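In: What shape does this take:
(2 chains)
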Amino acid sequence: AQKITQTQPGMFVQEKEAVTLDCTYDTSDPSYGLFWYKQPSSGEMIFLIYQGSYDQQNATEGRYSLNFQKARKSANLVISASQLGDSAMYFCAMREDSGSARQLTFGSGTQLTVLP
Amino acid sequence: NAGVMQNPRHLVRRRGQEARLRCSPMKGHSHVYWYRQLPEEGLKFMVYLQKENIIDESGMPKERFSAEFPKEGPSILRIQQVVRGDSAAYFCASSRGIQGPHPQHFGDGTRLSIL
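Out: Here you go, the predicted model:
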């Protein structure tokens, strides 16, 4: 079974509008972290935001916020006031914090295009 | 603060040659991870190392691939006798910790092309 699912291969948003990128996850580990990364066309992976499974509040970092709904196992990324420079591939990832495994498991990504 | 440094950025090898990919973690980070990304896909975990120790290599092919993180110097991912299927982007990441708010920070990757 997929541990991280991103159901939107591509999304379009008008400049200055907000956009939500979906991510659902599957784990039986009570302790885990959820991450979003941005990969522009130049190829680097840029960390955006982190949410811990025990965090009571949704994480925010500037124009990025994470809509964390634990019961639904979803961790959607919200980008407010989109800019042309936000056009990129966005990956949701999970780290399970029990046991010895510490790797990130990535979704298949969402290609976001911001329209002028 | 320098980020994760990977080199080379691009590497071209012929089938059967060896490829060596280098990664210097961020200052203060003792945990290093290697991932592989095929075109149009997400990153797939290969190996997790701490200084002088391989902690988890469950994602690494059993043959031809090896990784090290010596006491001094960068982490090295080594691919022997490369084949066309090894063509991919290889990313290194590092973190300060392994639980809680300690994200993995990535280098710019090495794009490996096999002729």
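
In: For chain A, what lies in contact range of chain B?
Out: When proximity is defined by C-beta under 8 Å from any C-beta of the partner chain, chain A lies next to chain B at A:4, A:31, A:33, A:35, A:37, A:43-47, A:50, A:52, A:91, A:93, A:95, A:97, A:100-109. From N, CA and C alone the C-beta is placed, and that goes for glycine too.

In: Is the residue nearest in space to the middle of chain B bridged to anything, and to what?
Out: The residue lying closest to the centre of chain B (C-alpha atoms, centre = their mean) is residue B:34, at 3.4 Å. When bridges are assigned using DSSP bridges, the partners listed for residue B:34 are residue B:47, residue B:92.

In: Surely it is in contact with residue B:46?
Out: Yes - Residue B:34 lies in contact with residue B:46 (C-beta atoms under 8 Å); the separation is 4.4 Å.

In: Spit out the residues that contact those two alike.
Out: Common neighbours of residue B:34 and residue B:46 (criterion: C-beta atoms under 8 Å, 6 or more residues apart in numbering or on different chains): B:60, B:67, B:77.

In: Highest neighbour count among the residues you listed?
Out: Tallying neighbours with other C-beta atoms under 10 Å in any protein chain shown puts residue B:77 at the head of the shared contacts of residue B:34 and residue B:46, with 25 neighbours.

In: List the contacts of that one.
Out: So residue B:77 contacts B:20-21, B:23, B:34, B:46-47, B:65-67, B:90, B:92 (C-beta under 8 Å, 6+ apart).
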